[in-house]
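1. Kindly generate the corresponding structure for this input.
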Amino acid sequence: MSTAPDSLDILAEVIREHYDLGRVDRPAPLEAAHQRRHRKIVVNTALGQFLAKTYKRDPFVLDALRFQHRLSDFLAQNGIPVAKIQPTSQGTRIVELNTWALELQEFVDGSPMIVSKENLAVSAEALGKFHEVCRDFPRPERDTRMWRFSEVPRTAFAALYDMAKTQADESVLNQHCNRIALFLRDAADALSLEQRGRFETGLIHGDWHSGNLIFHNDRLAAVVDLEFAGDGCYLEDLAYAISNLCVRTTMRPERLGKRTDLLLDHYQRYRALSFYEEAALYYAVGVKHIATVSYQIQQQGAVVAGFTAASWMERLAIQCGWLSERAQKVRWGK
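-> Residues are numbered from 1 along each chain as shown. Presented below is the predicted three-dimensional model:
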């Protein structure tokens, strides 16, 4: 049996060397965490529990991380809870080694947001406040018209449809597909590059979903994962929020309406939507929702959130139908 230290042992030694935390136990990977671009590891120390994140030592990556640290400080100063960054014994907040870098965050005690009337209101006000207080916060420039989910990827949606055909009657699926296609046709017009010039832009979170909203004892304990924060369109954040928190888990029109109205009412306590934003909002929600499901159905082995591809085709058709009705009501008063 080898007695050579593995990567977690090495990480523990690095933390002991660069931080004044007393005892540092052997770290452990954070269970059930999405390790998207960097590893997330729990570290128990004499001064408490921390979350270690490792990164590639790349100038672009580290510049982005420093921006996130500045933003995190600003949010905390303005009453938006975040996971605090632990300084090293030298007062810096990033440890740079040969090929990789490390940061330590306060480990936030809590769990991802559970959708409820109370939590929706809290999360919506936090997003509205985020947008309002960060209006003038310095940030790197990027094209605010280019959203991460500005359109549904045809290849991914075709794969969803092909998978669904192996599970259900094709004639029924085609009805669902046609309904979704009509929605996407209208969405393409409402969200064209020319139309996006009418939507207000500013600093956005970029990934506003329940997993990044940590609640503890019915209060918002922290907004986490600022990895995608930066210059963007406010409508993008709202589309993420409504798609993930209001639409994803239900097909019932009355529930869709109550959740969405509640979220928008509380969001607009801090920032009001323009007519152009509200008219395009429901199309943005649908595009983001369809794109996410299309990607995830391939990544997660044909089942997403407990539903098969065929079930999702039906759900998406119904949900998009409701979103289309809402959009028409805003635009034409129908």
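2. Can you tell me how far Glu141 is from Asp73?
-> To Asp73, Glu141 is 21 Å away according to CB to CB, to the nearest Å. The way it works is simple: take the backbone N, C-alpha and C, and place the C-beta from them, glycine included.
3. who's more crowded, those two?
-> Taking neighbours as other CB atoms under 10 Å, Glu141 and Asp73 compare with Asp73 leading, 14 against 7.
4. The nearest residue to Leu213 once chain neighbours are set aside: neighbour count?
-> Using CB to CB, 6 or more residues apart in numbering and skipping the chain neighbours, the partner closest in space to Leu213 is Met113 (4.1 Å). Close neighbours of Met113, defined as other CB under 10 Å, add up to 20.
5. How much space separates Met113 from Arg93?
-> Counting by CB to CB, the gap from Met113 to Arg93 is 27 Å.
6. Check Asn78 too.
-> The separation that Asn78 has from Arg93, given CB to CB, amounts to 19 Å.
7. Tell me who's in contact with the one residue sitting closest to the centre of the chain.
-> Centroid-nearest residue in the chain, with CA atoms, centre = their mean: Asp207, separated by 2.2 Å. By CB atoms under 8 Å, 6 or more residues apart in numbering, the contact list for Asp207 reads Asp225, Glu227, Phe228, Tyr240.
8. Of those - the most surrounded one?
-> Ranking the contacts of Asp207 using other CB under 10 Å puts Tyr240 first, with 27 neighbours.
9. And the strands in the protein?
-> 28-29, 39-45, 48-56, 95-96, 100-106, 111-112, 201-204, 213-216, 219-223, 230-233, 303-304, 307-308 (DSSP state E).
10. For Ala291, which of those strands is the nearest?
-> strand 303-304 (12.5 Å; CB to CB).
11. Packing partners of the closest one?
-> Using 3 or more CB pairs under 8 Å, 6 or more residues apart in numbering; DSSP states H and E as the contact test, the elements touching strand 303-304 are helix 275-299.
12. how about the helix it packs on: buried residues?
-> Using 16 or more other CB atoms under 10 Å as the test for burial, helix 275-299 gives 276-297.
13. How about stretch 212-232?
-> Buried, per 16+ other CB under 10 Å, within stretch 212-232: 212-215, 220-230, 232.
14. how far is it from where the chain is centred?
-> 9 Å (CA atoms, centre = their mean, to the nearest Å).
15. same check, this time on stretch 93-108
-> 22 Å.
16. Not counting it itself, show me its contacts.
-> Identification of contacts with stretch 93-108 by CB under 8 Å, 6+ apart yields 11, 14-15, 18-19, 42-43, 48-57, 61-62, 65-66, 69, 83-88, 214, 216, 221-222, 224.
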